[in-house]
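Trainee: Build the 3D model from these lines:
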Amino acid sequence: MIIEFSGIIWFWKGPAPHHFVTVPVEQCGDLKAVSGFVTYGWGMIPVKVRIGKTEFKTSLFPKNGGYIVPIKTTVRKAEKLEEGDTVTIHLEVI
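Mentor: Numbering: from 1, shown residues only. Here you go, the predicted structure:
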């Protein structure tokens with residue numbers, strides 16, 4: 001499954017601070033439909049992500065009935081991204 005969407009980078013200040021982009025509600029239904037086949041626990045979905053010219057592997061985190069995409073520091077630096085920036089995400093479930 002491949003989806004593409006745009007979202008705003010936000011920062012979570014929890015015990016393990018990290019940057020994320022929320023997957024729009026429209027795409028979450030499709031992801032939930034395949035999650036049972038690909039999740040490896042806690043509802044995490046392994047994905048390959050492309051932002052700009054940078055590709056990386058990560059896992060979608062379930063949150064509030066939807067999913068969020070963690071954005072690695074190396075990706076933010078490579079693409080010169082900061083909290084509040086809007087990015088287009090190309091996402092492939094693997």
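
Trainee: G52 contacts D85, doesn't it?
Mentor: No: using C-beta atoms under 8 Å, G52 makes no contact with D85, being 11.0 Å away. (Glycine included, C-beta is placed from N, CA and C.)

Trainee: Let me see the contact set for E55.
Mentor: 48-49 (C-beta atoms under 8 Å, 6 or more residues apart in numbering).

Trainee: same check, this time on W12
Mentor: Taking C-beta under 8 Å, 6+ apart, one finds 18-20 in contact with W12.

Trainee: how about 10 Å then?
Mentor: Residues in contact with W12 (C-beta atoms under 10 Å, 6 or more residues apart in numbering) are 18-20, 61, 63, 68, 70.

Trainee: residues in contact with the residue positioned nearest the centre of the chain?
Mentor: Centroid check for the chain by C-alpha atoms, centre = their mean gives V69 as the closest residue, at 1.7 Å. Contact analysis of V69 by C-beta under 10 Å, 6+ apart lists 5, 7, 9, 19-23, 47, 49, 51, 58-61, 87, 89, 91.

Trainee: now do G41
Mentor: Listed by C-beta under 10 Å, 6+ apart, the contact set of G41 reads S59.

Trainee: hmm, back to that, and for G52 and D85, which residues touch both?
Mentor: Counting by C-beta under 10 Å, 6+ apart, the shared contacts of G52 and D85 are E79.

Trainee: gap between the longest helix anywhere in the chain and the chain center?
Mentor: In the chain, taking DSSP state H as the definition, the longest helix is helix 25-38. Between the centre of helix 25-38 and the centre of its chain there are 13 Å (C-alpha atoms, centre = their mean, to the nearest Å).
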